[in-house]
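1. here is a sequence together with a model predicted from it:
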Amino acid sequence: MPTSSSAPAPRRQAAIAFIFITVVLDVLAMGIIIPILPRLIQDFLQGDTARAAEMFGVFATVWALMQFFCSPIIGMLSDRFGRRRVILLSNFGLGLDYMVMALAPTIGWLFVGRVISGITGASFTTAGAYIADITPKEKRAASYGILGAAWGLGFVLGPALGGILGGVNPRLPFWVASGLTLVNALYGLIVLPESLPPEKRTPRFVWAKANPLGSLKLLRSHHELFGLATVNFLYYLSHQVLQSVFVLYVGYRYNWSARAVGLTLAAIGIGSVIVQGGLVRPVVARIGDRRALFVGLIFGAIGFACWGLAPTGILFLAAIPIGSLMGFYGPAAQGLMTHRVSASEQGQLQGANSSVQGIAGLVGPGLFTWIFAHFISTGSSWQLPGAPFLLGSLLLLTALLLALRVTRER
């Protein structure tokens, strides 16, 4: 199979288009069920919001656990057997899994479906490897930028579409996600060539290399890098509050419909795209990475506090522009961290950051859903449904103090 240097341009463009569509649909399918999955769990539990919050935390934790362990395994499988078959099998598996979730008669079956989706949805690693295979080195940054745009597009459209479809029928978003994913897999059978020729594949699958914790060793090699990685962990952990309890929180406190939830998530996503796509470059050029990082953490802490204290839905919506400004943090943090490793360690650094994010994904859902359930339960002496968001604000303030110290020591 031709490589990137010799593959015909039309075939290479078709392959990149397929990978772009794959990422959009993967994120879209994931986003579609965000507004409806917590409520479906709540329906299985006869409307008990506190128990639904606890169970949703278990669902989210297990999904993150599957992603954490399976992403490097799937990456290694693609090194051994080729990218094409792994990507297509992941697509078909995810499409069939959404069908299982749509038909799930009990919460147990829904849980099994969520576990499988965590495994089959860990194909982003292979998509990134495919781009590296078929794209010349000098053009890879632009290609990965396309993948980032695909992620943003899918996350903006997914929750909005899920909220609208969920308002019609709570099972409909799963059917639509299944259909989109399976259609894309069939399209891939036609247009997607193999990018990794047999002579360049790993001769055998090595379990020791499929280790998500291995890349974390790099972070311990440098004091300042470890400090920034800790700041990253606190930032990622705080963001789990949006994924874990947002839907249950706004439904409990503001009585929002699935449609309102989806549109609000889309608005949050649009705000993030505007900040990261339009404001980061001129602001960082003017004030530098370090100050931009501080700006992101400060506005993130204010935004989470506003969301946790907002007594009405209108005030919650009014705080979205404030919370969106935390989008300055990610690019600034990446800039500071990449300055502390050599050119040959940049890929390992990205893998380490993904592992840190995965660990936050394991800790956060259970933590925030337990706090939410505790502060809304009838036995609680202090009713404070916004407690998870206030904890998120405190985590970002802690990250700010640590970042001030770490970057000052540079």
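-> Received, thanks. Residues are numbered from 1 along each chain as shown.
2. which residues of the stretch 301-410 of the chain score low on pLDDT?
-> Using pLDDT under 70 as the threshold, the predicted model of the stretch 301-410 of the chain has low-confidence ranges 338-339, 341-352, 354, 380, 409-410.
3. mind redoing it with 90?
-> Applying pLDDT under 90 to the predicted model, the residue ranges of the stretch 301-410 of the chain that meet it are 324, 326-366, 369-370, 373-385, 405-410.
4. ok, which stretches of it are helices?
-> With DSSP state H, counting those that start in this stretch applied, the stretch 301-410 of the chain shows helices at 313-318, 320-324, 329-338, 346-376, 387-408, listed in chain order.
5. could you dump those helices to TSV with distance to Ile119 and mean neighbour count?
-> For glycine as for every other residue, the C-beta is placed from the backbone atoms N, C-alpha and C. Formatted as TSV, the entries for these read as follows, by distance: least, C-beta to C-beta, whole Å; neighbours: other C-beta atoms under 10 Å:
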stretch	distance to Ile119	mean neighbour count
helix 313-318	35	15
helix 320-324	32	19
helix 329-338	27	21
helix 346-376	14	20
helix 387-408	28	20
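6. and the helix or strand that contains Arg85, what's buried?
-> Counting by DSSP states H and E, the element that carries Arg85 is helix 83-103. Neighbour counts over helix 83-103 (16 or more other C-beta atoms under 10 Å) mark 83-84, 86-102 as buried.
7. apart from its chain neighbours, what residue comes closest to Asp43?
-> Of all residues beyond its chain neighbours, the one nearest Asp43 is Pro170 (7.0 Å), with distances taken as C-beta to C-beta, 6 or more residues apart in numbering.
8. I'd guessed that neighbour sits against Ile36; true?
-> Yes - the pair Pro170 and Ile36 passes the contact test of C-beta atoms under 8 Å, sitting 5.4 Å apart.
9. tell me, what's touching those two both at once?
-> Taking C-beta atoms under 8 Å, 6 or more residues apart in numbering as the contact criterion, the residues that touch both Pro170 and Ile36 are Ala258.
10. give me the more crowded residue out of these two.
-> Between Pro170 and Ile36, Ile36 has the larger neighbour count (other C-beta atoms under 10 Å), namely 26 against 19.
11. just the pLDDT for that one.
-> In the prediction, the pLDDT value recorded for Ile36 is 79.
12. cool, Cys70 as well?
-> We note a pLDDT of 76 for Cys70 in this prediction.
13. Ile376 contacts Asp48, doesn't it?
-> No - with contacts defined as C-beta under 8 Å, Ile376 does not count as touching Asp48, sitting 10.8 Å away.
14. in the protein, what helix or strand scores lowest on average pLDDT?
-> helix 140-168 (a mean of 68; mean pLDDT, DSSP states H and E).
15. what packs against the next helix or strand after that one?
-> Taking DSSP H and E as the definition, the helix or strand that follows helix 140-168 towards the C-terminus is helix 172-191. Helix 172-191 sits against helix 9-32, helix 83-103, helix 140-168, with contacts defined as 3 or more C-beta pairs under 8 Å, 6 or more residues apart in numbering; DSSP states H and E.
16. for Pro193, find the nearest of those helices.
-> Shortest distance between Pro193 and those, using C-beta to C-beta, is found for helix 9-32: 5.9 Å.
17. report the distance from that closest one to the chain centre.
-> A distance of 17 Å separates the C-alpha centroid of helix 9-32 from that of its chain, computed with C-alpha atoms, centre = their mean, to the nearest Å.
18. and for stretch 374-390?
-> 27 Å.
19. ok, residues contacting that stretch?
-> Looking at what lies outside stretch 374-390 - C-beta under 8 Å, 6+ apart - the contacts are 49-50, 53, 241, 244-245, 249, 252-253, 304-305, 307-310, 368-369, 371-372.
20. please repeat the previous calculation with a cut-off of 6 Å.
-> 50, 241, 245, 252-253, 304, 307-309, 368, 371-372 (C-beta atoms under 6 Å, 6 or more residues apart in numbering).
21. how many residues are close by the residue lying closest to Arg204 once chain neighbours are set aside?
-> Closest residue in space to Arg204, ignoring its immediate chain neighbours: Arg80 at 6.9 Å, by C-beta to C-beta, 6+ apart. Under the neighbour criterion other C-beta under 10 Å, Arg80 is assigned a count of 15.
22. and Arg80, how far is that from Val86?
-> When distance is defined by C-beta to C-beta, to the nearest Å, Arg80 is 9 Å away from Val86.
23. could you pull out the residues contacting both of those two?
-> When contacts are counted by C-beta under 6 Å, 6+ apart, Arg80 and Val86 are jointly contacted by no residue.
24. now the residue lying closest to Ala305 once chain neighbours are set aside: how far from Pro203?
-> Leaving aside its chain neighbours, Ala305 sits nearest to Ser393 (4.2 Å; criterion: C-beta to C-beta, 6+ apart). With the distance defined as C-beta to C-beta, Ser393 ends up 51 Å from Pro203.
25. what does Asp79 give?
-> With distances defined as C-beta to C-beta, the gap from Asp79 to Pro203 amounts to 10 Å.
26. between these two, which is the more surrounded one?
-> Asp79 (21 against 7).
27. surely the more buried one meets Thr202?
-> Yes - here Asp79 lies in contact with Thr202, judged by C-beta atoms under 6 Å, at a distance of 4.3 Å.
28. ok, residues contacting stretch 184-203?
-> Where contact means C-beta under 6 Å, 6+ apart, the residues beyond stretch 184-203 that reach it are 1, 11, 14-15, 18, 21, 25, 79-80, 82-84, 88, 91-92, 130, 133-134.
29. how about the helices of the stretch 301-410 of the chain, which one is nearest Phe174?
-> Between Phe174 and these, the shortest gap by C-beta to C-beta is with helix 346-376, which sits at 20.1 Å.
30. got the angle between the closest one and helix 387-408?
-> With axes from the mean of the first three to the mean of the last three C-alpha atoms, to 10 degrees applied, the angle from helix 346-376 to helix 387-408 works out at 150 degrees.
31. mind listing what Phe372 touches?
-> Each residue near Phe372 by C-beta under 6 Å, 6+ apart is listed here: 53, 245, 388.
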